[in-house]
Structure formats: C-alpha cells, structure tokens
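**Q** The sequence and its predicted three-dimensional model are supplied below.
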Amino acid sequence: MLEPRLATSIFLWLLAWRSAPMVESAIGVNWGTVSFRKLRPSIVVDLLKDNNIPKVKLFEAEADVLTALKGSRIEVMLGIPNEMLSLLSSSPSAADLWVRQNVSSYLGKGGVSIRYIAVGNEPFLTSYNSQFQNLVMPAVLNLQQSLVKANLAGSVKLVVPCNADVYQSSLPSQGVFRPDLTQIMTQLLQFLNSNGSPFIVNIYPFLSLYDDGDFPQDYAFFEGTTHPVTDGANVYTNAFDGNYDTLVAALTKLGYGQMPIVIGEIGWPSDGAIGANITAAKVFNQGLINHVLSNKGTPLRPNSPPMDIYIFSLLDEGAKSTLPGNFERHWGIFSFDGKAKYPLNLGLENKQLKNAKNVQYLPSRWCVASPSSDLTNVANHMRLACGVADCTTLEYGGSCNGIGAKGNVSYAFNSYYQLQMQDSRSCNFDGQAVVTSVDPSVGGCKFLLGVTDKESDSSCSLTYKLWVLGFVFILQGMFYYLN
Ligand SMILES: *[C@@H]1O[C@H](CO)[C@@H](O)[C@H](O)[C@H]1NC(C)=O
Ligand SMILES: *[C@@H]1O[C@H](CO)[C@@H](O)[C@H](O)[C@H]1NC(C)=O
Ligand SMILES: *[C@@H]1O[C@H](CO)[C@@H](O)[C@H](O)[C@H]1NC(C)=O
C-alpha cells in the first residue's frame, strides 16, 4: 500500500498533470537569434522553462538551439528560411536530407518536441515580388514525402506562416485572398486540411499604425476604441479581431471556414519609433494575452477554444536589418540579455516575467566620450561605431533621442566597445574616448553592458584547474622517467 503522504502527492501531481495541457494551451514565443550578443541557448531554454512558456517558434534549425531544447518538452515550430525553398522544391533528396539532419536526429526519447515545420517565412509577402511564390507548394509536397518516408507524417505537421497581406478587404466579412494567390492558396488549404494542419498568420497592428497616419491609434489596442468598425451585425473594437475575421472570411470563401488558425507572430516593439515604447508594448501584449485567454474569440468565431499565438518576440535582436524601421531591433518582451522589459502576466501561476539566470555580463565598464574631447572628426567615428553596433535608440522616436550631442557620441562609442567585448583598443577613437566605471545611462536611455556566451569562469572551477595542473605534472614526471 502506498504511504498516505506519497499517495496524496501522486494524486496532486496527477491533478496538476491533467490540468496542465489546458493551462498551457495558448501563449508561445518566437525565438530569433539575429543578435550580436547571444545568450547561451541553454540560458534561453531555462528562461522559457522558468516562465512556463510551453512553445517556441524558431526561424531555422540551429544545432546549438535545438540541442539546448532537448529534453525540455517545449513544443517547437521549426522554420525553414525562404532561401532554402528553391532547393527543397526541386530536389526530393534534399528534402529527405533536411528532414534527416534537422528533424529526425533531434526526435525520440529525451529529444526535441518538434510539432510543426514552417516551410518558408512569409514567402508570399508582396515585397518579395513573387520570387518564392511558386516554390512553396512543391517544397511542401517534397517535405511531406520525406516525413512519410521517415514515419513522421503523423506527428510532425507542415505549415506555411503567411503575412496578413495574403488577404485583403475593407470589412472583415468581405475578406478574400489576394487574387494572385487564389490558385496557390486553394492548393495550400487543401493540403493543410487533409493533413490536419492549421493556417499560420502573422498579424501586426503596430505596422498598420506605423504605416498609416490615419489609422486610429486606439483601434490597434484592446482597450476599446472611439473608432469601432461596424460590419453588418458585428462591431469590431480592435484591429486584431478585424484582421483575424478577414482571414476567417477568406478561408470560408474557399470552403475552409472551420480551419484552425494559429497566430505565428504578433507583438509590439518597445523602442526605435514614435509609438514604439515600453508602455505601448506592455499595454498591447497584455491586452492581447488577456483577450486570447478569455476564450471570447472573435465575432466570426465566438467562444472558440483558446487561440494559439506566438508572441514576437522573446528577445531583442540587435543585428536585424533596420530596413523595416529602427523598431525592428526592439520587439523582445525581454531585452537582449534576458531581462524582462516590463511586467507581463502570461496567465500562468507566475504573474510576472522572470529574468534569465546565470547571464555572464562583461565587467561594469563603459566607454564614453572623453570629458576633454572637443568632438572633432567625431562624425566619422560615430559612423564607424554605429555602422557595426546598434545605435537605433538614438534616432527619432528612440529612447536615447535627446541625450545631447556628447551623449550621442558616448552612446555610439559604448555600443561599439561592448560589441568588441570591451577590448581596450576599441575605446580610443583618436584619444577622444575613455573607459568609465560609472554607468552613463540617463533616464530611460540605457547604456548597454555586453554579455558573453562563454561558460562562466567560476563554473570552470578551481578544482578543475588544479586537476589539469596535476595532470600536467604527472605527464612531466612520466616524461622524465622515460628519459
Ligand atoms: C538544416 O538547417 C540548417 C539551418 O537552416 C541549414 O543550414 C542546413 O543546410 C539544413 N540541413 C540540410 C541537410 O538541409
Ligand atoms: C507610446 O506609444 C503610444 C502609442 O503606441 C503613444 O500613444 C504614447 O504617447 C507613447 N508614449 C511615449 C512616452 O512616447
Ligand atoms: C543625436 O543623434 C540623433 C541620431 O542621429 C540625432 O537625431 C540628434 O539630433 C542628435 N543630437 C544632437 C544634439 O546632435
């Protein structure tokens, strides 16, 4: 017979286990790695676990990231970059190889829970001028064959993350897919439906606001609006619901009105543009999460089961292209070093985000413009520094815009210095820079301190070093003996 205490704890455990899938349903994150200062993947996986984030979307199969996810039970949507579509669409054996190297080898007991493979990333985006458009279905079909051959077609599902620009309409109920995509969408939906896969869409109310000066700001959020959209009997009070239902209508027109929808990317940047700030990001993301967890659904899909969403993004990615805008490097709910930018309740027991643990910072040293610097030729130095390091917060709308001319220079010097891992030669700039141990941050403008992805020196412990030393002595002894 079981000891009563043990029995109780097993019972409680079973209870927790049984209810876990329901609690864990909805909120995942995108984990992109286009960053100069990368956290060690194991630190990021611990960050996900500490915050009970149950699923993650990756943009490609990076070996160190997948290895760190082994045994974590975090569900993975694994991306294939658009650049690979050409090969995968034309070569079944390349698809076999991709599945073998990037999927099969990580599965199994104690492996990675790969649930979806995302074929391309917004491959139908209008700005790509159709270059990937006709590669998607052939790549999907080749990869599906590879999954069948590997006996994985039942457990790993192919999906295609689409930008919301694949459909259009002025009113949600009038939603249709873009005319140039009708044929491809018909094939894709047929495939997804027969395979039991969801439609993946990325929705960005921030970009609607950023791109369109006339877009009513409060309609982008979930707090109610002075500009509701009336569509027959339905009234829309936020851009997300309107956008989602436009997709529902477009799916319905092609005969797939019941197809599950997963939000592949959604979020709000915290810096780098007017309207991109910590307050707005918090209000948007919390409003979104509360909306999703309320299970209210949308006017066209009321009271539906919880929507699956992947927040964009987990961490800031300071090496991303700023072509879309300076905000592009500031989508994280955590900054690049795994610090929560603002309180966010993901609807789980832990009401606040927990910071990453065991992050190895560089020493508390910053590089700033020397007090005696007359700022001659400094424009060239700034150009050099900011051409390599990230200075987007200095620009209009950024958190460091307005720290003055010398502040600008200091910020640029420091970003460069941290990027160069505080190499003393990188804090010179013709003698106009000095290293300081006083944090030069001013108000909301944070001067960065770099991180290293090296194992900490303390964990490479003294005992280990002594052991190596001892081993060398023994070898030396043997050497003398043999001579
Ligand atoms: C696995 O994925 C990585 C990352 O996208 C890619 O570089 C590599 O070529 C893939 N392997 C194969 C065999 O295609
Ligand atoms: C933050 O952004 C929101 C809109 O996204 C704007 O209304 C607000 O004024 C901004 N706050 C600051 C302090 O700039
Ligand atoms: C600091 O740099 C930013 C970005 O280049 C610029 O907009 C701003 O005017 C500069 N400030 C001063 C005082 O030069």
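**A** Sure thing, it's come through. Ligands and ions are numbered 1, 2, ... in the order given.

**Q** quick check: domain ranges of the chain?
**A** Following automatic domain parsing, one finds the domains of the chain at 23-329, 363-449.

**Q** what's the spacing between the shortest one and its chain's center?
**A** In terms of CA atoms, centre = their mean, to the nearest Å, the centre of domain 363-449 is found 27 Å from the chain centre.

**Q** Regarding that domain, how distant is the last residue from the first?
**A** 8 Å (CA to CA, to the nearest Å).

**Q** Briefly note if it comes near ligand 2.
**A** No: contact of domain 363-449 with ligand 2 (CB under 6 Å from any ligand atom) is absent, the minimum separation being 8.1 Å. (Each C-beta comes from the backbone N, C-alpha and C, glycine too.)

**Q** need the contact list for Lys38.
**A** Asp453 (CB atoms under 8 Å, 6 or more residues apart in numbering).

**Q** Helices of the stretch 151-300 of the chain, start to end?
**A** 182-195, 205-211, 239-253, 278-293 (DSSP state H, counting those that start in this stretch).

**Q** The domains of the chain into a markdown table, with extra columns for mean pLDDT and distance to Leu348?
**A** Compiled in a markdown table, the domains of the chain are given as follows (pLDDT from 0 to 100; distance: least, CB to CB, whole Å):
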| stretch | mean pLDDT | distance to Leu348 |
| --- | --- | --- |
| domain 23-329 | 96 | 5 |
| domain 363-449 | 96 | 28 |
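
**Q** Close to ligand 2: what parts of the stretch 151-300 of the chain are there?
**A** 217, 275, 277, 279-280.

**Q** from those, which would you call buried?
**A** Buried members of those, scored by 16 or more other CB atoms under 10 Å, are 277, 280.

**Q** tally of neighbours for the residue in the stretch 301-450 of the chain that ligand 2 sits nearest to?
**A** As assessed by CB to the nearest ligand atom, ligand 2 sits closest to Gly397 within the stretch 301-450 of the chain, at 8.1 Å. Look at Gly397: counted by other CB atoms under 10 Å, it has 17 neighbours.

**Q** My understanding was that it contacts Ala276; is that so?
**A** Yes: taking contacts as CB atoms under 8 Å, Gly397 lies within contact range of Ala276: 6.8 Å.

**Q** about what we covered before: return the most buried member of the helices of the stretch 151-300 of the chain.
**A** Compared across the helices of the stretch 151-300 of the chain, helix 239-253 shows the largest average neighbour count, a mean of 23 (mean count of other CB atoms under 10 Å).

**Q** between that helix and helix 182-195, how big is the angle?
**A** 90 degrees (axes from the mean of the first three to the mean of the last three CA atoms, to 10 degrees).

**Q** and helix 239-253, what does it pack onto?
**A** Packing contacts for helix 239-253, counted by 3 or more CB pairs under 8 Å, 6 or more residues apart in numbering; DSSP states H and E, involve strand 167-168, strand 176-177, strand 199-202, helix 205-211, strand 234-236, strand 261-266, strand 297-298, strand 301-302.

**Q** Show me what the third one is packed up against.
**A** Judged by 3+ CB pairs under 8 Å, 6+ apart, strand 199-202 is in contact with strand 161-163, helix 239-253, strand 261-266.
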